[in-house]
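# After the sequence you'll find the predicted model.
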Amino acid sequence: MVAITEFQKIGFGLMGFSLFFLLFGVLLYFDSVLMAFGNILFLSSLTFIIGFRRTAHFFFQRHKFRGSFFFLGGVSLVLCRWPIVGILLESYGFVLLFRSFFPMALGFVLSAVNIPVLNTFFSSSSSMV
């Protein structure tokens, strides 16, 4: 069992708020203030969850330089009130940075079919006819 520290609990709370502000900013036609606040909360939550040194190491690895450049460039464009271009750059940088995590996440989602409660929702053997 992995123990979660108080800083990590704060980080997960900040992550929830950041996702809320980013989603709310997009729903309000790319409101730059809400999206900038969501980006700042996302970066600070990542720092709280994994630590400052690991966050810096994650973003500034040699093979992740292009993804970090696009992601942090998109954050800076959102902070400079260019939200649509900034979000597009952030999205591309996010995909480049976290592409090694996507197969693991997909495997986790596909393993949800084996959970008995969710199995009833995903079963394709029953037909409506």
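Perfect, I can see it now. Here the structure is a predicted model, which means the values were calculated and not measured.

# can you list the weak-confidence ranges in the protein?
Within the chain, the ranges that satisfy pLDDT under 70 run 112-113, 118-129.

# could you pull out the helices for it?
Secondary structure of the chain by DSSP state H: the helices cover 6-27, 32-50, 52-59, 65-79, 83-98, 102-111, 116-122.

# which residue packs closest to Ile19, ignoring adjacent ones?
Rather than Ile, residue 19 is Leu. Leaving aside its sequence neighbours, Leu19 sits nearest to Gly38 (Cβ to Cβ, 6 or more residues apart in numbering; 7.3 Å). Every C-beta, even on glycine, is put in place using the N, C-alpha and C of the backbone.

# and that neighbour, how far is that from Met104?
Computed with Cβ to Cβ, to the nearest Å, the distance linking Gly38 and Met104 is 25 Å.

# what's around the closest residue to Phe71 other than its chain neighbours, how many residues?
Using Cβ to Cβ, 6+ apart and skipping the chain neighbours, the partner closest in space to Phe71 is Gly93 (3.0 Å). Taking other Cβ atoms under 10 Å as the criterion, the count of residues near Gly93 is 22.

# can you pull the contacts of Gly93?
Shown in contact with Gly93 (Cβ atoms under 8 Å, 6 or more residues apart in numbering): 66-74.

# need those in TSV with distance to Ile115, can you?
Below are these laid out as TSV (distance: Cβ to Cβ, whole Å):
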residue	distance to Ile115
Arg66	37
Gly67	33
Ser68	36
Phe69	39
Phe70	36
Phe71	33
Leu72	37
Gly73	40
Gly74	36
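
# just the residues you listed now: which is nearest Val109?
Top of the list for closeness to Val109, among the contacts of Gly93 and by Cβ to Cβ, is Gly67 at 22.4 Å.

# burial of the closest residue to the closest one other than its chain neighbours, as a residue count?
Counting by Cβ to Cβ, 6+ apart, Gly67 lies nearest to Leu96, which is 3.1 Å off, once chain neighbours are set aside. In terms of burial, Leu96 registers 16 neighbours under the definition other Cβ under 10 Å.

# can you start the count at 36 instead of 1 from here on
Got it, first residue is 36 now, which makes that one Leu131.
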